[in-house]
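Undergrad: Mind folding the following:
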Amino acid sequence: MEEVIPKEEFNKLMKIEGEVKGSAIKEAIRFIFKEKGGEGIKKLEDTIIKLGYPKYREIKTMDFYPIGIAAITQIVIKRLFNFDDKKLQEMGKFEAKFSLIIRLLTKYLFSLEKAVKQVPEMWEKYYTVGDLKVAEYDEEKKYLILRLENFRVHPLFCQVLKGYFSSILQMIVRDEITCKETKCIFRGDEYDEFLLKW
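TA: Predicted structure coming up:
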């Protein structure tokens, strides 16, 4: 049987610089529980343990972990459960909706204008790598462009982030959101850019 993630790919991902808050990994696991139940969690955890990584329940929500672990988790989830881009975006939406930090921030950010000013700070609460900023926004025309620089981890992040950003913006503007990745570092662009409309 073919490995879900070859050791060489695993080692390469673990060498990526940067860290992510444990809550980002734990929310992905909660999504698997919602979708696949306890059997899905066991299947996922067994695969990760075989790769030499500890059990997910040992991850502490507020601690930081190598960002490669988040990438590996996404890859294993995609391959084990055959998730397509839409499902990965759904996972990103779920992560944002159930993130304590995001829920607290959106509770106190009553306007888009206030939220826009907080974007870099919100990113830094979760990641020690990458710079997220608002490149452009227009409340009247109902669009926002997010630019993510210095974040070369794995293309799966792009799909998860599309869902994540959509969900956060939806909590603020209280409307349906579409999100399109207009630039991607993995397609040869200098940075990732996301166009969100409502």
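Undergrad: Is G92 in contact with C158, as I believe?
TA: No: using Cβ atoms under 8 Å, G92 is not in contact with C158, being 9.8 Å away. Any C-beta I mention is one placed from the backbone N, CA and C, and that applies to glycine too.
Undergrad: quick one, which of these two is more surrounded?
TA: More crowded of G92 and C158, by other Cβ atoms under 10 Å: G92, with 27 against 22.
Undergrad: Find the residue closest to the more buried one in space, skipping its chain neighbours.
TA: Nearest non-adjacent residue to G92, counting by Cβ to Cβ, 6 or more residues apart in numbering: G163, 2.7 Å away.
Undergrad: Tell me how far the one you found lies from K97.
TA: For G163, the distance to K97 (Cβ to Cβ, to the nearest Å) stands at 10 Å.
Undergrad: okay, these two: which has more neighbours?
TA: Neighbour totals were compared for G163 and K97, and G163 leads with 24 against 17 (other Cβ under 10 Å).
Undergrad: thinking the more buried one is in contact with E90, fair?
TA: Yes: taking contacts as Cβ under 8 Å, G163 lies within contact range of E90: 6.0 Å.
Undergrad: give the contact list for L169.
TA: 144, 177, 196, 198 (Cβ atoms under 8 Å, 6 or more residues apart in numbering).
Undergrad: Low-confidence ranges, the chain, go.
TA: Where the chain drops to pLDDT under 70, the residues are 1-2, 100-110.
Undergrad: 80 instead, please
TA: Applying pLDDT under 80 to the chain flags the ranges 1-2, 53-54, 99-110.
Undergrad: how about the helices of it, start to end?
TA: For the chain, the helices defined by DSSP state H cover 7-14, 22-50, 67-81, 85-98, 100-108, 112-126, 156-173.
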